[in-house]
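Undergrad: generate coordinates for the sequence data below:
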Amino acid sequence: MDSMSKTNGKDNLEDGRYPKSGLTLLKCGTPGIASITIPTCGAPVGVTVASLTTNTSCFCNPRIKLEFASNVTVPAAKAITLNYQVFKQCNNQYQAVAVGPKWVFERARAVAVNPCETVSLVTTDTVSFFVCDCGDCPSKCCTYTVVVTPDINMDGGTVSIITNATLCAIIVEGANQCCNAPRSEDTNSEI
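TA: So this is what the prediction gives:
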C-alpha cells in the first residue's frame, strides 16, 4: 500500500506528517496613488504608496506572501531610480522592520529624436514583486507598508506618479507545527 492509499475511508494525510488545517486567508489593500519628486541633493524621503493590516490570530504558524503591483509614470527624457521596500510594524513595535529585499526600478534617459523639437513623452511601466514573511511576531496584528524612496539624480525635479499601488497578502498555516498540545484522544499512551 503506498502513502497516498486510503484506509477505512480516511485519507493518509491525517497521519500527522502534514498540517491538518487548510486555513488560508486572502487580504487585499485599496489601490493608492502617490507622486514622488526626484531630489538633486540632500537625503531622499521615502513615500508610503500602499499599506495593509493583517490579523493572523486564527493561525498557529502563519506564513505570509505579500504581493505588490503598481504603475509608474515618468517623463521619458528623464532617468530615475526608485527603491521599493516592504516594512512590517506590529502592535508592540516602536519602529517598522524591513521584510525581504529592496526592489529597484530604473528608467534610463531616453535619446531625443530631434533636438530642435520640443517633445513631451511620458512612459508608464508596471512594477510588481512579492516577498514572504515567515518571521515570528509576538502580536497577531501587523501593518505592512510599501515605501518608495528615490535616488538622488541630476535630473531632479522630475515628478514620477505611482498609480494603482496595491498590496495583497496570502496567509497560510505553516507545515508540521501546531500551537495546541495534543488532545488526550490523539495520544496513544496506555493507562
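
Undergrad: what segments of this structure are strands?
TA: Along the chain, counting by DSSP state E, strands occupy 6-7, 10-11, 24-28, 32-37, 47-55, 62-75, 80-90, 97-107, 122-133, 141-150, 159-173.

Undergrad: Throw those strands into JSON lines and include mean neighbour count, thanks.
TA: (Each C-beta comes from the backbone N, C-alpha and C, glycine too.) Below are those laid out as JSON lines (neighbours: other C-beta atoms under 10 Å):
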{"stretch": "strand 6-7", "mean neighbour count": "9"}
{"stretch": "strand 10-11", "mean neighbour count": "10"}
{"stretch": "strand 24-28", "mean neighbour count": "12"}
{"stretch": "strand 32-37", "mean neighbour count": "15"}
{"stretch": "strand 47-55", "mean neighbour count": "19"}
{"stretch": "strand 62-75", "mean neighbour count": "19"}
{"stretch": "strand 80-90", "mean neighbour count": "20"}
{"stretch": "strand 97-107", "mean neighbour count": "15"}
{"stretch": "strand 122-133", "mean neighbour count": "14"}
{"stretch": "strand 141-150", "mean neighbour count": "21"}
{"stretch": "strand 159-173", "mean neighbour count": "19"}
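
Undergrad: please produce a markdown table containing those, extended by mean pLDDT.
TA: Rendered in a markdown table, the data for the strands of the chain read as follows (pLDDT from 0 to 100):
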| stretch | mean pLDDT |
| --- | --- |
| strand 6-7 | 42 |
| strand 10-11 | 46 |
| strand 24-28 | 90 |
| strand 32-37 | 88 |
| strand 47-55 | 93 |
| strand 62-75 | 91 |
| strand 80-90 | 92 |
| strand 97-107 | 91 |
| strand 122-133 | 89 |
| strand 141-150 | 93 |
| strand 159-173 | 91 |
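
Undergrad: OK, contacts around the closest residue in space to Asn61 that isn't next to it in sequence?
TA: By the measure of C-beta to C-beta, 6 or more residues apart in numbering, the closest residue to Asn61 outside its immediate chain neighbours is Gly174, 3.3 Å from it. Applying C-beta atoms under 8 Å, 6 or more residues apart in numbering, one finds that Gly174 lies in contact with 19, 59-63, 134.
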